[in-house]
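>>> Structure here, sequence nowhere to be found:
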């Protein structure tokens with residue numbers, strides 16, 4: 001699955017099939033050491049991305065354009081959000 005953060009794919013035409021999103025919550029831990037936070041966020045990014053890709057595949061998409069990531073702190077830790085537009089290449 002091709003993921004881009006632009007609203008186009010150079011040299012490709014496509015049709016929009018829908019909006020997709022994903023949420024990634026890393027494994028719950030009451031306390032993280034400072035040196036672990038990067039790995040924790042990476043796990044959240046991976047989980048969120050995989051969730052979004054699965055939703056795009058269910059729509060028959062070949063790619064996702066306009067991909068955006070955000071993170072937020074919650075009482076349970078870090079939550080990663082990702083969203084984009086699923087497209088089918090022509």
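Here it is on my side, so go on. Predicted model, so just to flag it, every value in this text is computed and none were measured.

>>> what's the closest residue to residue 67 other than its chain neighbours in contact with, if anything?
Using C-beta to C-beta, 6 or more residues apart in numbering and skipping the chain neighbours, the partner closest in space to residue 67 is residue 84 (3.9 Å). Every C-beta, even on glycine, is put in place using the N, C-alpha and C of the backbone. Residues near residue 84 by C-beta atoms under 8 Å, 6 or more residues apart in numbering: 3, 19-21, 52, 64-68.

>>> Filter these down to the ones in helices?
Taking DSSP state H as the definition of helices, the contacts of residue 84 contribute residue 52.

>>> Of the contacts of residue 84, select the buried ones using a ChimeraX command.
In ChimeraX, this line selects whichever of the contacts of residue 84 come out buried by 16 or more other C-beta atoms under 10 Å:
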select :20,52,64,65,67
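
>>> The contacts of residue 84 in strands, which ones?
Under the assignment DSSP state E, the contacts of residue 84 contribute 3, 19-21, 64-68 to strands.

>>> Is it possible to get a markdown table of these that adds pLDDT and distance to residue 10?
Converted to a markdown table, those look like this (pLDDT from 0 to 100; distance: C-beta to C-beta, whole Å):
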| residue | pLDDT | distance to residue 10 |
| --- | --- | --- |
| 3 | 98 | 14 |
| 19 | 98 | 22 |
| 20 | 98 | 21 |
| 21 | 98 | 25 |
| 64 | 98 | 15 |
| 65 | 98 | 11 |
| 66 | 98 | 15 |
| 67 | 98 | 16 |
| 68 | 97 | 19 |
